[in-house]
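Colleague: Here's a sequence, model it:
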Amino acid sequence: MSVSPRGAIEVAGLTKTYRLGEPRSIFSWRALPALLRSPDPGRSLNALSDVSFSIAPGESVGLIGPNGTGKSTLLRVLTGITDPTTGTVRHGGRIAGVLDLGSGFYEELNAYENTLLNAQLLGMTRREALAKIDEIFQFAELNDFRHAPMGQFSFGMRLRLAFSIAMALEPDILLLDEVMGVGDLQFQRRSAARIRELADKGVTLLVVSHHLSDLTRVCTRGLLLHGGRLVHDGPIQQTINAYLEQSARPTGGTIGGRGADDAARGIAGLATGPALATVEILEVEVLGPAGRPQLEFRTGEQITFRLRFGCEGTLDRPVIGFGIYREDGLYLTQVTTEASGHHTGVCSGESEAVFQWECPFTTGGYRVSASIADSTGRAVLAQAHSVAGFEIIARPGFDGGVIRLDGQWSVGTSQATPTPSA
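Modeller: So this is what the prediction gives:
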C-alpha cells in the first residue's frame, strides 16, 4: 500500500473475487485431483466490485449494508489481512482494525496475560500495553478478575475485555466491525462515548454496525454497500434512510449479480422518485424549555420536537408524526397530528412543525424518528429514522421502570362497610 496523508484512506476500483470450489492446496493429497484440473472460471464470487471512495483525516464514517454484502471483506482489505484482486488501497499513518472481538484469547492464559498479548496483536508495543493495562481493566469493569483464568470468563466478560483493549489503541485510523453492541446498556453508552472521544481527538473512524442509532451519534457520513458495490455515499442519516428504504424493497438476483444492479438503481432513484421529490425532511431538533437545542433532561421536564421540512408545490393537510424508542431498541410511542386532532392545513415551500410535551420517561437514552404522510396518513412521503436523540439523567425517586405515572394519591383510614343485620 502506498502512502497517503496521515489519517486518510483512498480506495479506487477495488474488487475482491473469491473462487468457489475444491481446495488447491499442495499440502493435502485430497487436493491432488483438483490440482490436476484447470480451475473452474465460472465458480467465483465478487465480494467487492469496483468500489471507490476516499475518507479525509479525522472523518467518522459508518459502513452500512445487509449481511454478506462485503463490509467485513472491505475492512480486511484495508487492514492488509487480504489483498484485493484488482484496484488500489492507500492509507496514511498507523491503522488498527478491531474485526473479531475475543478471537485471540487463549484459555490457558489468565486475563492479564491475554490482555498483554491481544494489545500487541492489535499493534501496541509491549511498553504501551503495560502502560495502559490498568485503564483497560477499569474500563471493562474487570479489575477483580485480571488474574483469573480465561476459561472462567463469561461471553459478556470476554467481549467487554476485548472491546476495552481495542479502545486503548491510539492509531491514526481505527476500523471497527460490529463492536458497538457489546455488553449491557450502561457499558454500551460508555463505549459509544469512548468512540466519540477518539473521533474528537482526530482519529479517522470507519465503523460497521447494525445498530443504526449508534452510528448517528458517532458518524457524520455513511457508505452503503449492496451486493459488493457502493450504492450510496452521503450524510449518515441520508445513508441510513436509503438503507431502510432499500431493505423494504424486494430485490432479486444474487450477490454480485443482477440484484446488485437493481439495488443500485433503486437507491439512486430515492432522490428522484415522486414521493421523496415532493417532501423532504430538512432538520429535526430536540429543544429544552428555553427553546434551544438540548441533549439532557430530567423526568417531567418539558421537551420540544421541531421538524423543518420542504415541499415542492403545495401539500394539503399532511400528517406529521414523531416516534420515540429507547436506546436498546424498545419502541415506546408515536404521536401524530392526526391522532392529536390537529389539522395542519396547506403547506408549501419550507415549513415547520413543533410538538411540546412533558417527558414521563425514566433514566436512559432515547431516539427520535420523524415522518410526513399524506392527508390519509397511509402514504408516507418522507421519513427520517433515528434522526435525533436525548438523554434522561438520574433523578432520585424516578429511576424505576420505563415511565413515570402522574396521578393523585389519597391515603387515610379505610371506611369499613357495615355488616347487614340478620
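Colleague: So which elements touch the helix or strand where Y243 lies?
Modeller: Per DSSP states H and E: Y243 is located in helix 236-247. Applying 3 or more C-beta pairs under 8 Å, 6 or more residues apart in numbering; DSSP states H and E, one finds that helix 236-247 makes contact with strand 60-64, helix 212-218, strand 221-226, strand 229-235, helix 258-268, strand 380-392. All C-beta spots, glycine's among them, are computed from the backbone N, C-alpha and C.
Colleague: in its sheet, what does the third one sit against?
Modeller: Within its sheet, strand 221-226 is paired with strand 60-64 (parallel), strand 229-235 (antiparallel), according to DSSP bridges.
Colleague: Which residues does the shortest one contact?
Modeller: Counting by C-beta atoms under 8 Å, 6 or more residues apart in numbering, the neighbours of strand 60-64 from elsewhere in the structure are 55, 71, 74-75, 199, 204-209, 212, 215, 218-225, 236, 239-240, 243.
Colleague: Filter those residues down to the buried ones, PyMOL style.
Modeller: Applying 16 or more other C-beta atoms under 10 Å to the contacts of strand 60-64 leaves a buried subset, and the PyMOL line that selects it is:
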select buried, resi 55+71+74+75+199+204+205+206+207+208+209+212+215+218+219+221+222+223+224+225+236+239+240+243
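Colleague: Can I get stretch 310-318 in PDB? Just the C-alpha atoms.
Modeller: Taking C-alpha atoms only, stretch 310-318 is exported to PDB below (Å, rounded to 0.1, in the frame of the first residue of the first chain):
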ATOM      1  CA  GLY A 310     -39.600  21.400   2.400                       C
ATOM      2  CA  CYS A 311     -42.400  20.900  -0.100                       C
ATOM      3  CA  GLU A 312     -42.400  21.200  -3.900                       C
ATOM      4  CA  GLY A 313     -45.700  22.800  -4.700                       C
ATOM      5  CA  THR A 314     -48.500  22.600  -2.100                       C
ATOM      6  CA  LEU A 315     -49.200  19.800   0.400                       C
ATOM      7  CA  ASP A 316     -52.700  19.600   1.700                       C
ATOM      8  CA  ARG A 317     -53.200  18.600   5.400                       C
ATOM      9  CA  PRO A 318     -50.100  16.400   5.800                       C
END
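Colleague: And stretch 127-143, what's buried?
Modeller: Across stretch 127-143, burial judged by 16+ other C-beta under 10 Å covers 129, 132-133, 136-137, 139-142.
Colleague: before we move on, the earlier item: ok, residues contacting the helix holding Y243?
Modeller: Contact with helix 236-247 is made by 62, 64-66, 212, 215-216, 219-224, 226, 231-234, 263, 266-267, 270, 383-387, as judged by C-beta under 8 Å, 6+ apart.
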